[in-house]
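Novice: What follows is a predicted structure for the sequence shown.
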Amino acid sequence: MKFSTYLIVAFFAIIIFSCREYSPTSSSTNGTKSDSSTVLFRSAASDNFCDNCNKFDSKIWLKAEWPLGRGNVKATNVSCSNGYYYLTLKSKTWDCGEIYTSKQYSYGLARSSFKCPDISGAISSIFFYEGVKSENDEIDIEIYKKDSKWRIDFVVYKKGNKNWISGFNPSFNPSSGFHEYAIDYAVGGIAFFVDGNNKGVCPRYISRPTKSMQIHLNCWWPTWLNATKPSQNKSMQIDFIEYKKI
């Protein structure tokens, strides 16, 4: 009986100290630090992580340096302050910021809570990316404002080909508060969640990625959206980032 009691106590201790579980009823934090800020890592499989963004974690993340869209991704445009990561669109330039994992991850749930910059023509994104020289597999959630209207797109690439895209115009303003975006990358399919609600599923008949990939978050200027250089710095503000292996 005493042994059973110890097991029960240990079980609840793991639940209390693990990173916040993904829930289809979870909602945006609307400008406040989320509950995940109390925990750094999940206690389960070693591949799993939950980064609360209190300090830039170089064991998980690399800062990107390469041309992208209208400008260049620069490591100096990635910063951490007051419990948030900032990916900054630099004033009077097309330069931007991006982070990506130092290792690749297979099937699992990648999610993040972030607030987009309030500016037209820039994309804020969380995505899986294979990172090979050509013909990359990729799974994206892209949030952007076009002609004063916000849009959230879900995109799937296989060997460099855009095989599927879906999306919607959200009823909320992605720049006015934190919202949670998640990619459920599974053997049986790919599902996309916004604030815990399933907003898109890539059909089974679509040729989909099957490989391990790196997880990226970025804020950048694509050439296909109309935009003007910002008069002051604008940033994507990230509350937490989590990966949970299936």
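Specialist: Happy to help now that I have it.

Novice: Would you quantify the distance from the most centrally placed residue in the chain to Gly188?
Specialist: Centroid-nearest residue in the chain: Ile126, 3.1 Å away (criterion: CA atoms, centre = their mean). Distance of Ile126 to Gly188, given as CB to CB, to the nearest Å: 21 Å. Any C-beta I mention is one placed from the backbone N, CA and C, and that applies to glycine too.

Novice: isn't Phe192 right up against Phe154?
Specialist: Yes: the pair Phe192 and Phe154 qualifies as a contact (CB atoms under 8 Å) at a distance of 4.3 Å.

Novice: shared neighbours of these two, anything?
Specialist: Taking CB atoms under 8 Å, 6 or more residues apart in numbering as the criterion, Phe192 and Phe154 both touch Ile141, Ser166, Lys199, Gly200.

Novice: Go through those residues and flag which are in strands.
Specialist: Among the shared contacts of Phe192 and Phe154, the residues falling in strands (DSSP state E) are Ile141, Ser166, Lys199, Gly200.

Novice: Give me the neighbour count for the last one.
Specialist: By the measure other CB atoms under 10 Å, the count of residues near Gly200 is 20.

Novice: Report the beta-bridge partner residues of it.
Specialist: With DSSP bridges as the criterion, Gly200 is bridged to Phe192.

Novice: residues contacting it?
Specialist: Contacts of Gly200 (CB under 8 Å, 6+ apart): Phe154, Ser166, Gly167, Ala191, Phe192.

Novice: same check, this time on the third one
Specialist: If you count contacts by CB under 8 Å, 6+ apart, Lys199 has them with Ile152, Phe154, Phe168, Phe192, Phe193.

Novice: Help me confirm that the second one is found in a helix?
Specialist: Spelled out, that is Phe154. No: read with DSSP: H, G, I helix; E, B strand; the rest coil, Phe154 is strand and lies in no helix.

Novice: Just to check, it is in contact with Asn163?
Specialist: No: counting by CB under 8 Å, Phe154 stays clear of Asn163, with 11.9 Å between them.
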